[in-house]
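# coordinates only, no sequence provided:
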């Protein structure tokens, strides 16, 4: 089967501590103070830059492939690098090292209401968000009724979205992304905002997308959902690829690993 997503030795490094002062003059003054051993004139009184010059590897040497029509689960504790990986795959941020190869049109749903303008109505935001995701106006118009029906916001479609509940927000955002004719759909952990009935509906939509021959990368802490729709999964631990294989095996390894942690640190 054709490989549509390929990650080759992907790494992402972030600089910790202060990055800049906001002006070239200020940056130069701070740099010169460090070089000459003098106090930084822009440092806040009482604050020590103990992390100055330190780095965090959010991802380190991660490699995997995703085949066409596959639903790949991505799991791990908070801070393991899941969202960073999806942002790199979605071209939101660039990797520090490694390569990403994507074959096909990708639609990403990484944060609730990304691309929504609070003062615009639901109708206007469907067109705005659809355009941001790469849909043509004709394509959005053709699918508009289906999108609104799926989101279950018909009575409020001409109301500014700033008056929507978080559940209505995410329903509409997911509906737009899910109805995009993209070969690859990337979904971060956002479905927990909706109620149980809508979560079930979304998982059904993800399953339908996969059975239509499209590919889904699905990040979730809902292990039951992963078991039900993902045949294969990867586990991230501290930015490293700890496990890749059948979902049942990967989840079992994750649960065993989580149970070995001190009680207050368990995050599942």
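Arrived safely. Remember, it's a predicted structure, so these values are computed and weren't measured experimentally.

# for residue 22, give me the pLDDT.
Looking at residue 22, its pLDDT reads 64.

# and what of residue 190?
Confidence score, pLDDT, at residue 190: 61.

# also residue 77?
So, for residue 77, pLDDT stands at 89.

# residue 42 too?
65.

# what of the one 4 residues further on?
In this prediction, residue 46 carries a pLDDT score of 49.

# same deal with residue 171?
For residue 171, the model assigns a pLDDT of 86.

# that one: how many residues sit nearby?
24 (other CB atoms under 10 Å). For glycine as for every other residue, the C-beta is placed from the backbone atoms N, C-alpha and C.

# please renumber so the chain begins at 43
Okay, using 43 as the starting number, the last item reads as residue 213.

# can you map out the helices along the stretch 143-292 of the chain?
164-174, 179-193, 208-220, 238-253, 265-271, 289-301 (DSSP state H, counting those that start in this stretch).

# report the angle between the third one and helix 179-193.
Per axes from the mean of the first three to the mean of the last three CA atoms, to 10 degrees, the angle that helix 208-220 makes with helix 179-193 is 140 degrees.

# list the buried ones in helix 208-220?
By 16 or more other CB atoms under 10 Å, the buried positions in helix 208-220 come out as 210-220.

# same question, the first one
Buried positions in helix 164-174, judged by neighbour count with 16+ other CB under 10 Å: 164-172.

# let me see the mean pLDDT of that helix.
Mean predicted lDDT for helix 164-174 stands at 91.

# just checking, what packs against it?
The contact analysis (3 or more CB pairs under 8 Å, 6 or more residues apart in numbering; DSSP states H and E) places helix 164-174 against helix 179-193, helix 208-220.

# let's have those helices in a markdown table, adding distance to residue 43.
Output for the helices and strands packed on helix 164-174, formatted as a markdown table (distance: least, CB to CB, whole Å):
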| stretch | distance to residue 43 |
| --- | --- |
| helix 179-193 | 27 |
| helix 208-220 | 23 |
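
# mean pLDDT lowest for which of those?
helix 208-220 (a mean of 84).

# and it with helix 238-253, angle?
Using the same axes, to 10 degrees: helix 208-220 against helix 238-253 is 10 degrees.

# can I get the helices of the stretch 143-292 of the chain in CSV including distance to residue 128?
Shown next, in CSV, are those (distance: least, CB to CB, whole Å):
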stretch, distance to residue 128
helix 164-174, 17
helix 179-193, 22
helix 208-220, 13
helix 238-253, 15
helix 265-271, 15
helix 289-301, 17
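
# out of the ones you listed, which gets nearest to residue 44?
Checking the helices of the stretch 143-292 of the chain against residue 44 by CB to CB gives helix 238-253 as the closest, at 14.6 Å.

# check contacts around residue 258.
112-114, 226-229, 248, 251-252 (CB atoms under 8 Å, 6 or more residues apart in numbering).

# let's see that with 6 Å instead.
By CB atoms under 6 Å, 6 or more residues apart in numbering, the contact list for residue 258 reads 113, 227, 248, 251-252.

# can you give me the distance of the residue lying farthest from the centre of the chain to residue 66?
Going by CA atoms, centre = their mean, the residue of the chain most distant from its centre is residue 78, 42.4 Å out. As judged by CB to CB, to the nearest Å, residue 78 and residue 66 stand 18 Å apart.
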